[in-house]
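> Quick one, fold the following:
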Amino acid sequence: MSKRLPCPPAPGPLEDYANRFDDLFGTLAQRRGFREYLTGLLLPRDRNKALTALAGMEPIVGAQGAPAQRLQFFLSESAWDMEAVNALRLRTLREDPRMAPHEEGVLAIDEAGDRKDGTKTDHVGYQYLGSVGRIANGIVSVSSVWADEKIYQPLHVEPYTPAKRLVGGRSDPAFRTKPQIAVELVERARGASIPFRAAVADCLYGENADFEGAMWKAKIPCVLSLRPHKGRWVEEDAARTPEEAAERMGWRSADDPGAWKPIARTFKDGHAERWWAVEVTTLINYGPEGTARLVAVSTDPQTLPTNGTWYLVTNLPAPDSRRAREEPSLEAADLAEVTRLYGLRQWVEQSYKQVKGELGFADFQVRNDRAIRRHWEMVFCAFSFCWWAYTTTNGAAFAHSPSEAQPIPEEAGGKRSAQRRGEASSVMAGGPAAGTRLVGPVGNALALLEGVVEGAPATATASAA
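Here you go, the predicted model:
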């Protein structure tokens, strides 16, 4: 075997991170391409991060230059296994106590859509795109993210192919709906030994019978959202929608809340808010003793404001219920715990899009499926490096550690909820660090994460004493 040639190092600690992946790249050109691609993604954005931008070339005239062509070959033609790269990235996360997923976090499923012109790029079609808020020509991906109150990490991503691009349309064997892709991503997370308290997702999945049925059948804990006006056929006097059912739970005032329970939520900036939650029993097929519970959470049960109210369906048993005793594989969750779990999804939806945009997730200018997937994998590696650099800078302060418990009434919270909740670690409360004054890819990585932690969701959720 010939001696492996040394590779030009990446800047600063990025070399330490990239070196972990060297055994997965068989040639010097591949190892160099990996470092150059990550460096380009991590540099501050001044234009779309197409291959010319990643290589530091002019947008058009530089496209045929050697640096851009090297990255083009690395992405589209070079023989390296992106699944092996992702598996090593996830294994690196699991083995690092500062970033390792644990059983109190959530597995968040979300989809993202971005504009793409033309029809030649794989998976592109005329469809709803979340980034523009309307139907347009573009590409949609479904991804899974692990998250807790302090950190989140992308796990897997799959493109959604519109039925019109397939020969057999919706009956084509290759066609998969977004909820079907989501089920696969949940299974891939479990196959990668990623622990989580529950899978969480928005109403696209909460109102899909196939996704919900798959979660229930596999006994995978989940908390899913429903739209307030999602109606159903019921008897004339029965509640027809989640909102109508919540309105019938006896609220009169804060002094006479009926079945509603106060929930204390402490946010990242330290301020606390009192929310209210209720176990909805006035909608057919939902109840604390059933296989599905409906939990309404609101800042104001009187008006149930659209932007301040969640309607959540979960298969987690209610504390002290028959299901909690008979189904030990699904750990019970009180109202505060259900609220905490779904609250973590809000961080992912906001911050994940922010960082994806900065790292160029949708900026690829390649057409075939393999090159698109490889670009996404490089973005995930760059994102994981951001956390790796950030947690390394913050040191032991970021390590997962038990938080101080808040007092929880036994009848409202339960012992597990009291032990889980509390203040977030000091990294979440830290002010702007020196990273915002640094230059280059490593400094930009730290600056990116400064913005992410500043936008964290509630750091603690507890039933109010």
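
> where does this protein have low pLDDT?
1-2, 61, 232-237, 394-440, 449-456, 459-465 (pLDDT under 70).

> can you point me to the longest strand in it?
strand 134-147 (DSSP state E).

> Pull out the buried positions in that one.
138, 139, 140, 141, 142, 143, 144, 145, 146, 147 (16 or more other Cβ atoms under 10 Å). Yep, even glycine has a C-beta here, placed from its N, CA and C like the rest.

> For that strand, what is the distance to the chain centroid?
11 Å (Cα atoms, centre = their mean, to the nearest Å).

> Which strands or helices does that strand pack on?
Under the contact definition 3 or more Cβ pairs under 8 Å, 6 or more residues apart in numbering; DSSP states H and E, strand 134-147 sits against strand 106-115, strand 125-129, strand 152-160, helix 178-191, helix 335-347.

> Of these, which stretch is the most buried?
Compared across those, helix 335-347 shows the largest average neighbour count, a mean of 26 (mean count of other Cβ atoms under 10 Å).

> following that helix, which helix or strand comes up?
helix 353-359 (DSSP states H and E).

> sorry, back to before: of all pairs in the buried residues of strand 134-147, which one is the farthest apart?
138 and 146 (26.3 Å; Cβ to Cβ).

> Residue 109 touches residue 201, doesn't it?
Yes: with contact defined as Cβ atoms under 8 Å, residue 109 reaches residue 201; the gap is 4.2 Å.

> can you list residues touching both of those two?
residue 182 (Cβ atoms under 8 Å, 6 or more residues apart in numbering).

> For burial, what's the neighbour tally of residue 392?
15 (other Cβ atoms under 10 Å).

> quick one: which helix or strand includes it?
Going by DSSP H and E, residue 392 is part of helix 369-394.

> Which neighbouring elements make contact with that helix?
helix 13-19, helix 28-42, helix 66-76, helix 82-95, strand 152-160, helix 353-359, helix 440-454.

> residue closest to the middle of the chain?
Residue closest to the average C-alpha location in the chain (Cα atoms, centre = their mean): residue 145, at 3.4 Å.

> What separation do you get for that one and residue 85?
18 Å (Cβ to Cβ, to the nearest Å).

> ok, residue 301 - contacts?
Neighbours of residue 301 in contact, by Cβ under 8 Å, 6+ apart: 246, 249, 251, 257, 260, 276, 278.

> what kind of secondary structure is the fourth one in?
Under DSSP: H, G, I helix; E, B strand; the rest coil, the three-state class of residue 257 is coil.

> Verify the contact between it and residue 276 for me.
Yes: proximity of residue 257 to residue 276 meets the contact threshold set by Cβ under 8 Å, at 6.7 Å.

> Between those two, which contacts overlap?
251, 301.

> Could you dump the helices and strands packed on strand 134-147 into CSV with distance to residue 393 added?
Shown next, in CSV, are these (distance: least, Cβ to Cβ, whole Å):
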stretch, distance to residue 393
strand 106-115, 25
strand 125-129, 36
strand 152-160, 17
helix 178-191, 28
helix 335-347, 21
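
> nearest to residue 13, of these?
strand 152-160 (18.0 Å).

> Sheet partners, orientation included, of the closest one?
The partner list of strand 152-160 in its sheet, established with DSSP bridges, is strand 134-147 (antiparallel).

> Output the strand it pairs with as CSV, restricted to C-alpha atoms.
Below are the C-alpha coordinates for strand 134-147, written out as CSV (Å, rounded to 0.1, in the frame of the first residue of the first chain):
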residue,chain,number,x,y,z
ARG,A,134,-47.1,29.7,-1.5
ILE,A,135,-47.1,27.3,-4.4
ALA,A,136,-44.1,27.8,-6.6
ASN,A,137,-41.5,25.9,-8.6
GLY,A,138,-38.9,24.4,-6.2
ILE,A,139,-37.7,21.5,-4.2
VAL,A,140,-39.0,20.1,-0.9
SER,A,141,-37.1,18.1,1.7
VAL,A,142,-38.2,16.3,4.8
SER,A,143,-35.7,16.2,7.6
SER,A,144,-35.3,14.9,11.2
VAL,A,145,-33.7,16.9,14.0
TRP,A,146,-32.9,15.9,17.5
ALA,A,147,-33.3,18.7,20.1
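
> No further questions, thank you.
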